[in-house]
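Peer 1: Make a model of this:
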Amino acid sequence: MFQIEIATTIRKSRRDIARVIFDPLCDTAWAHQVLDVRPLAHGPLRAGTSIARVIRFLGRRYHDVMEVVHFVPGQYIEIVTQRPVAMRVRYSLEGIPEGAIVRVHATGSSTGLLRLISPVVRGLMRRRYRRSLRDLKVLMESNQFRSLPVTLASQLHG
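Peer 2: Residues are numbered from 1 along each chain as shown. Below you'll find the model as predicted:
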């Protein structure tokens, strides 16, 4: 079992960041190694929502179903995934005068052959989340997020 905690400050409003970070359909624009995302049901994002994803990890493609465990619009989302590594991840936003602090807290456990290289997997996952936050920061601060489609979360956040 391992834990990862990272954070970054983004100079955009919490509302604008929430429009992207809490919308799984925007994941391919900023979440490192997420190749495809498809909701498995219609309707607003909420606890219990399942989203099929394709992820690249260690040079392989993995198909997984991400489940939303907790969701408070504009504040945080907590998800669980099983592949390629079993993870519980919480993305949270804290508004500050110059924008917002985006935090990622992840706990995970390697299974199967990946268990043999668990410290390496932890390092790879830490790098993945660090790159994702870097890409999110660039996306938001360069205003590229405005070109993303109106999707689940943006409907919720207006």
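Peer 1: all contacts plus neighbour counts: C-alpha atoms, from now on.
Peer 2: Fine.
Peer 1: what helices or strands is the helix or strand containing Ile101 leaning on?
Peer 2: Applying DSSP states H and E as the criterion places Ile101 in strand 99-109. On a contact count with 3 or more Cα pairs under 8 Å, 6 or more residues apart in numbering; DSSP states H and E, strand 99-109 meets strand 2-10, strand 86-96, helix 118-141.
Peer 1: Averaged pLDDT, that strand. What do you get?
Peer 2: Model confidence over strand 99-109 averages 92 on the pLDDT scale.
Peer 1: Relative to Asp135, how far out is the residue most central in space within the chain?
Peer 2: In the chain, the residue lying closest to the centroid (Cα atoms, centre = their mean) is Ala31, at 5.9 Å. Computed with Cα to Cα, to the nearest Å, the distance linking Ala31 and Asp135 is 7 Å.
Peer 1: Tell me which of the helices and strands packed on strand 99-109 sits nearest to Glu78.
Peer 2: The closest approach between Glu78 and any of the helices and strands packed on strand 99-109, judged by Cα to Cα, belongs to strand 86-96 at 4.2 Å.
Peer 1: Only the C-alpha atoms, please, for that closest one, written as PDB.
Peer 2: As requested, C-alpha coordinates have been extracted for strand 86-96 and formatted as PDB (Å, rounded to 0.1, in the frame of the first residue of the first chain):
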ATOM      1  CA  ALA A  86      -6.100  -0.300  -7.500                       C
ATOM      2  CA  MET A  87      -6.400   3.300  -6.400                       C
ATOM      3  CA  ARG A  88      -8.600   5.600  -4.300                       C
ATOM      4  CA  VAL A  89      -8.000   9.200  -5.400                       C
ATOM      5  CA  ARG A  90      -9.400  12.400  -4.100                       C
ATOM      6  CA  TYR A  91      -9.100  15.600  -6.100                       C
ATOM      7  CA  SER A  92     -10.000  18.700  -4.100                       C
ATOM      8  CA  LEU A  93     -10.100  22.400  -4.600                       C
ATOM      9  CA  GLU A  94      -9.500  25.200  -2.100                       C
ATOM     10  CA  GLY A  95     -10.300  28.700  -3.200                       C
ATOM     11  CA  ILE A  96      -7.600  31.300  -2.500                       C
END
